[in-house]
Structures are given as C-alpha cells and as structure tokens.
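Engineer: no FASTA, just this:
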Ligand SMILES: [Zn+2]
C-alpha cells in the first residue's frame, strides 16, 4: 500500500522490532513494534499470546539444561519460552564457554572471534532436533528464529540472531545485543 510504511517496517525489522511481513500496511503489529522502538515497555503494547499460541510439548534434556547454566537469566527466559511454542524441537548445544574452549573453536575455524558473547554467558546456540538428531538445518533454524525474536520482543529483551549476520551467518546462534548495537 504505502511505500513510506514499507520503509518504516524495514527500519523496524533492521532494528529487531518487527518480524512480520513488510507489506506496507500499518496494522496492530506495526503499531506495537513502533511503540517498542520508541521506548514503550514491550509487555504493555504487544499481545500476550505468542505467534501460534499452541504449546509444543517440547522439553529440554539434561545436556541442554547443563548448557544453560551460567547463561544470563533474561536470555534463558526467552530460550525457555521459545521452546514452549517453537514449531521445531531444539537443543541448547552451547552456552557459556571457557576461554580455552573458545580458543579451540577459533583454531578449528568454527568461530571467528575471541570476543565471543559465549565467554560471558550472553549467547546460546540452539540446534534443531529432527527425528531425534541434531541437525544444522537452515529451514528449521529460521522457524526457531521467528519464535525467538517474537518472544524476545514481547519480553523487552534485545537479541541478535547469528543467522542475520552477513559475513559469517550462524543459524544456531543467539546473543543479547551489544549495548550499542
Ligand atoms: Zn554461538
């Protein structure tokens, strides 16, 4: 409909406030996202029910629970609620990392930085579980990302999805956004 509205929705999406379709129609979702972008409390402007509202029935196994130890509580809250409504089962493959573990990952090429948010408990890797096995599947990662972003917005927690990185996209990775970014 409106090009100006499409541009605004694109800017909201770039800021992590809007995950619905950029369609140029200023509906309730656009309004809610605009208010959160303007500094309103996310819980007060967005509907309480998550995307589908249907419970997934998925629960974390022992290894996922272990990986969540030491991860920042606001990120854990989003991850746990995401699993409740995610259309795809997933495991927490990695949470808090030691410096030695990160160094080993950089040396193996699995990571590019020693400035990783995993070192401070600000990041998690959520890997889809399909037919009982861990699968780094982009389609499944994207479905999880939609629910993660929606859940984070509703809780007023600013997260960054590694799948949105242009240079070295990482579909399993989520982190609390850097204060400036
Ligand atoms: Zn990661």
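Structural biologist: Nice, thanks for sending it over. Everything numeric in this text was worked out from a predicted model, so none of it was measured. Residues are numbered from 1 along each chain as shown.

Engineer: Surely residue 10 touches residue 21?
Structural biologist: No - here residue 10 does not reach residue 21: they are 11.2 Å apart, not a contact under CB atoms under 8 Å. Where you see a C-beta, it was placed from the backbone N, CA and C, and this is true even at glycine.

Engineer: need the residues of this structure near the ion, please.
Structural biologist: 125, 173 (CB under 5 Å from the ion).

Engineer: measure residue 59 to the ion for me?
Structural biologist: 22 Å (CB to the ion, to the nearest Å).

Engineer: and that residue, how many neighbours?
Structural biologist: 11 (other CB atoms under 10 Å).

Engineer: Next up, the contacts around the closest residue to the ion within the chain.
Structural biologist: Here the residue of the chain nearest the ion is residue 173; by CB to the ion that distance is 3.5 Å. If a contact means CB atoms under 8 Å, 6 or more residues apart in numbering, then residue 173 has 123, 124, 125, 161, 162, 163 as its contacts.

Engineer: among those, which are in strands?
Structural biologist: In strands, defined here by DSSP state E, the members of the contacts of residue 173 are 123, 124, 125, 161.

Engineer: With adjacent residues omitted, what lies nearest to the last one?
Structural biologist: If I follow you right, that is residue 161. Excluding the flanking residues, the one nearest residue 161 by CB to CB, 6 or more residues apart in numbering is residue 145, at 4.9 Å.

Engineer: Could you find the closest non-adjacent residue to residue 171?
Structural biologist: According to CB to CB, 6+ apart, the nearest residue to residue 171 is residue 141 (3.4 Å).

Engineer: Now do that neighbour against residue 173, distance only.
Structural biologist: For residue 141, the distance to residue 173 (CB to CB, to the nearest Å) stands at 9 Å.

Engineer: Common neighbours of the two, please.
Structural biologist: Taking CB under 8 Å, 6+ apart as the contact rule, residue 141 and residue 173 both touch residue 163.

Engineer: Just say helix, strand or coil for the most centrally placed residue in the chain.
Structural biologist: Of all residues in the chain, the one closest to the mean position by CA atoms, centre = their mean is residue 148, 4.0 Å from it. Following DSSP: H, G, I helix; E, B strand; the rest coil, the label given to residue 148 is helix.

Engineer: and the closest residue to it other than its chain neighbours, how many neighbours?
Structural biologist: Spatial nearest neighbour of residue 148, chain neighbours left out: residue 82 (4.9 Å); criterion: CB to CB, 6+ apart. Using other CB under 10 Å as the criterion, residue 82 is surrounded by 24 other residues.
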